[in-house]
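Undergrad: The following block contains a protein sequence and its predicted model.
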Amino acid sequence: MTGLPYFGLIVLVAAAGLVLMFASLRKIPLEHRGVLFRFGRLVKELPPGNAWVLPFLDQVMLVDLRERTFALPPDLVLDADKHYAVKGQFTCKVVAAIPAVMAARQAQEDIVVVVADKLLAEIKNMGVAAVRDRPAQAQQWALEALNEQMSRAWQLKFTKIEFTLTPQ
């Protein structure tokens, strides 16, 4: 009868080990990268596939590397007098996972709001008449300006932007 408590202890330790092992496994999808933080500090980038992490100590943030399309805020207006409403969308993708995560954590801002502010500034620089007369060229200029201004800071590549100005 003395072997039964030891056997129970062995089963309990083995079960706890299995639970700990499954808690340590993270799956990184193919089109994503994982960014590993230990105690809130950056450790490394995790490639697609299975990754082992320390449970309760590590946090993995997934970064989607696919192109994503975002709508501009619905209440976006060009002038303080609300002369023109700006409607549209933009498409971008993350270039480098770690710098993109760090920039987003530092800024604590929504990328859509940041892009909207930059776009309004570019439209003011181009002039409303130029934007209304040559919309395709204005969108190309805005795309180039966003890539120039935001690619380094946010580690994003803007691939497409579409917007229209409508008088209010």
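TA: Received the coordinates, thanks.
Undergrad: any idea which element the most centrally placed residue in the chain lies in?
TA: By CA atoms, centre = their mean, the mean C-alpha position of the chain lies nearest to Val63, the distance being 6.3 Å. Per DSSP states H and E: Val63 is located in strand 58-64.
Undergrad: Likewise for Glu148?
TA: Assigned by DSSP H and E, Glu148 falls within helix 135-154.
Undergrad: show me where pLDDT drops low in this structure?
TA: 1, 80-82, 104-109 (pLDDT under 70).
Undergrad: again, only this time at 80
TA: 1-4, 79-82, 100-111, 150-154, 168 (pLDDT under 80).
Undergrad: what ranges do the helices span in the chain?
TA: Along the chain, counting by DSSP state H, helices occupy 3-24, 97-107, 111-126, 128-133, 135-154.
Undergrad: And the fourth one, what does it pack against?
TA: Helix 128-133 is packed against helix 135-154, strand 156-167, with contacts defined by 3 or more CB pairs under 8 Å, 6 or more residues apart in numbering; DSSP states H and E. From N, CA and C alone the C-beta is placed, and that goes for glycine too.
Undergrad: Show me which positions of it end up buried.
TA: Using 16 or more other CB atoms under 10 Å as the test for burial, helix 128-133 gives Val128, Val131.
Undergrad: Could you do stretch 60-76 as well?
TA: Result for stretch 60-76 [16+ other CB under 10 Å]: buried residues Met61, Leu62, Val63, Leu65, Leu72, Leu76.
Undergrad: Now do the helix holding Glu148 against helix 111-126, angle only.
TA: Put simply, helix 135-154 runs at 130 degrees to helix 111-126, going by axes from the mean of the first three to the mean of the last three CA atoms, to 10 degrees.
Undergrad: Return the alpha-carbon coordinates of helix 135-154 using PDB.
TA: Extracted in PDB, the C-alpha atoms of helix 135-154 (Å, rounded to 0.1, in the frame of the first residue of the first chain):
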ATOM      1  CA  PRO A 135      -7.900  63.700 -57.900                       C
ATOM      2  CA  ALA A 136      -5.700  60.900 -59.200                       C
ATOM      3  CA  GLN A 137      -2.600  63.000 -59.000                       C
ATOM      4  CA  ALA A 138      -3.500  64.300 -55.600                       C
ATOM      5  CA  GLN A 139      -4.000  60.700 -54.300                       C
ATOM      6  CA  GLN A 140      -0.600  59.800 -55.700                       C
ATOM      7  CA  TRP A 141       1.000  62.800 -54.000                       C
ATOM      8  CA  ALA A 142      -0.700  62.000 -50.700                       C
ATOM      9  CA  LEU A 143       0.500  58.400 -50.900                       C
ATOM     10  CA  GLU A 144       4.100  59.500 -51.500                       C
ATOM     11  CA  ALA A 145       3.900  61.900 -48.600                       C
ATOM     12  CA  LEU A 146       2.500  59.300 -46.200                       C
ATOM     13  CA  ASN A 147       5.200  56.900 -47.200                       C
ATOM     14  CA  GLU A 148       7.900  59.500 -46.800                       C
ATOM     15  CA  GLN A 149       6.600  60.800 -43.400                       C
ATOM     16  CA  MET A 150       5.300  57.600 -41.700                       C
ATOM     17  CA  SER A 151       7.300  54.700 -43.100                       C
ATOM     18  CA  ARG A 152      10.300  55.300 -40.800                       C
ATOM     19  CA  ALA A 153       8.300  56.100 -37.700                       C
ATOM     20  CA  TRP A 154       5.600  53.500 -37.900                       C
END
